[in-house]
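Asker: got a structure for you, letters missing:
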Ligand SMILES: O=P(O)(O)OC[C@H]1O[C@](O)(COP(=O)(O)O)[C@@H](O)[C@@H]1O
Ligand SMILES: [Mg+2]
Ligand SMILES: [Mg+2]
């Protein structure tokens, strides 16, 4: 009997986390518990998103976030769910969220970790039933345990992340993360309420045939990027742009490709935010064998100076990002 067809393969997220804990000699279980807290909040938000078209949670919330963006109801709901799960979990002393202007101290001053989070990525797609996501990044605090956390705990280089990941709410729901030992993907089985390992040790191709970019802004892009996009067309590469960073990133991660969000006149320093969009995805792509840069250097080497700092982002298959980088470099010199 071919049991491949009969039983779901892969171990549960919980068991995987436990096994991986053994890789860290000084592990105390706090990071494992924090990952479980995030997965639980993800399941709850997944349920909310599945109901996304129903009147009570669709549409705008009626307020703006610090980025000047209209908040969708699901932005606010997802933000509340994740902040509650992180506070109640007890492993996090401070949170940086796209939806909150300031650093949020959780009151767990004995806690070791700081989390930066984009509770709902792809907000412009929420009401049209297109894939959206959640992006998270985890650091060890710099201030002593037991004291009040402060902004320095949040303003660390991307290289200092101890873990990062995203949840993709798409045709299936997936959790993809790294703790610096490769990238693993888990698919949610609704009938069992469990995430199962479905994509072990994900590696991205050095060269892909897909580029993702909002070409509507083409005339605003730096000359080097316009040159690169013309080159992509010349090579008959495929243009794919969902408009949800997590979804575009995930496709390119699995199939090879590059995602570009350059600076524009509207966003001269880029649109995407370093702490809870660029840094976590850069950590994942580097663990999967790809790279991420801002046109001047590696994203993970940037030292942030503000919580909601933006950056241009070029991320994906190594050969494609290196191509962009050398054009940007030539343009700058
Ligand atoms: O509409 P644009 O300018 O192409 O921007 C789309 C990009 O902005 C984002 O929606 C920004 O993220 P949020 O939805 O979390 O604000 C990305 O997901 C997406 O890739
Ligand atoms: Mg986002
Ligand atoms: Mg968002």
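Answerer: It's in. What you see is a predicted model; the values in this text were computed from it and never measured. Ligands and ions are numbered 1, 2, ... in the order given.
Asker: what does the chain put close to ligand 3?
Answerer: Residues of the chain lying close to ligand 3 by Cβ under 5 Å from the ion are 98, 118, 120-121. The way it works is simple: take the backbone N, C-alpha and C, and place the C-beta from them, glycine included.
Asker: Could you list which of those residues belong to strands?
Answerer: Under the assignment DSSP state E, the residues of the chain next to ligand 3 contribute 118, 120-121 to strands.
Asker: For the nearest residue to residue 159 once chain neighbours are set aside, grab phi and psi.
Answerer: In space, and not counting its chain neighbours, residue 159 is closest to residue 300: 4.7 Å by Cβ to Cβ, 6 or more residues apart in numbering. The phi/psi pair for residue 300 (degrees, to the nearest 10) reads phi -70, psi -10.
Asker: Relative to residue 102, how far out is residue 300?
Answerer: 25 Å (Cβ to Cβ, to the nearest Å).
Asker: So which of the two has more stuff around it?
Answerer: residue 300 (19 against 10; other Cβ atoms under 10 Å).
Asker: Let me see the contact set for that one.
Answerer: Shown in contact with residue 300 (Cβ atoms under 8 Å, 6 or more residues apart in numbering): 157-159, 161, 279, 282-283, 286, 292.
Asker: Spell out which parts of this structure neighbour ligand 2.
Answerer: Residues of the chain lying near ligand 2 (Cβ under 5 Å from the ion): 118, 121.
Asker: those helices in the chain, which residues are they?
Answerer: Applying DSSP state H to the chain gives helices spanning 3-6, 13-21, 30-50, 73-89, 223-234, 245-255, 279-287, 318-332.
Asker: want to throw those into JSON lines with mean pLDDT and mean neighbour count?
Answerer: JSON lines is the format used below for the helices of the chain (pLDDT from 0 to 100; neighbours: other Cβ atoms under 10 Å):
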{"stretch": "helix 3-6", "mean pLDDT": "50", "mean neighbour count": "7"}
{"stretch": "helix 13-21", "mean pLDDT": "90", "mean neighbour count": "16"}
{"stretch": "helix 30-50", "mean pLDDT": "96", "mean neighbour count": "20"}
{"stretch": "helix 73-89", "mean pLDDT": "97", "mean neighbour count": "21"}
{"stretch": "helix 223-234", "mean pLDDT": "97", "mean neighbour count": "16"}
{"stretch": "helix 245-255", "mean pLDDT": "98", "mean neighbour count": "24"}
{"stretch": "helix 279-287", "mean pLDDT": "98", "mean neighbour count": "27"}
{"stretch": "helix 318-332", "mean pLDDT": "93", "mean neighbour count": "18"}
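Asker: what's the closest of these to residue 199?
Answerer: Each of the helices of the chain has some distance to residue 199 by Cβ to Cβ; the shortest is helix 245-255, at 7.5 Å.
Asker: number of nearby residues for the closest residue to residue 102 other than its chain neighbours?
Answerer: Of all residues beyond its chain neighbours, the one nearest residue 102 is residue 307 (7.5 Å), with distances taken as Cβ to Cβ, 6+ apart. Using other Cβ under 10 Å, residue 307 has 21 neighbouring residues.
Asker: Single out the residue in the protein that lies closest to ligand 2.
Answerer: In the chain, the residue that lies nearest ligand 2 is residue 121 (3.4 Å; Cβ to the ion).
Asker: so that residue touches residue 243, yeah?
Answerer: No - the criterion here is Cβ atoms under 8 Å, and residue 121 misses it with residue 243 at 10.4 Å.
Asker: what about these two, which has more around it?
Answerer: Comparing residue 121 with residue 243 by other Cβ under 10 Å, the one with more neighbours is residue 121, at 28 against 16.
Asker: Pairing partners for that one in the sheet, please.
Answerer: For residue 121, the beta-bridge partners are residue 133 (DSSP bridges).
Asker: who in the protein is up against ligand 1?
Answerer: Taking Cβ under 6 Å from any ligand atom, the part of the chain that reaches ligand 1 is made up of 69, 98, 118, 121-124, 214, 243-245, 271.
Asker: Using PyMOL, define a selection of the buried residues within these.
Answerer: Applying 16 or more other Cβ atoms under 10 Å to the residues of the chain next to ligand 1, the buried members can be selected in PyMOL as follows:
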select buried, resi 98+118+121+122+123+243+244+245+271
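Asker: Which pair of the residues of the chain next to ligand 1 spans the longest distance?
Answerer: Farthest-apart pair in the residues of the chain next to ligand 1 is 98 and 214; separation 18.7 Å (Cβ to Cβ).
Asker: excluding its backbone neighbours, what's nearest residue 13?
Answerer: Of all residues not flanking residue 13 in the chain, residue 195 sits nearest, at 3.9 Å (Cβ to Cβ, 6+ apart).
Asker: mind showing which ranges of this protein have poor pLDDT?
Answerer: 1-9, 23, 25-26, 55 (pLDDT under 70).
Asker: how about a cut-off of 80?
Answerer: Across the chain, the ranges flagged by pLDDT under 80 are 1-10, 21-28, 53-56, 333.
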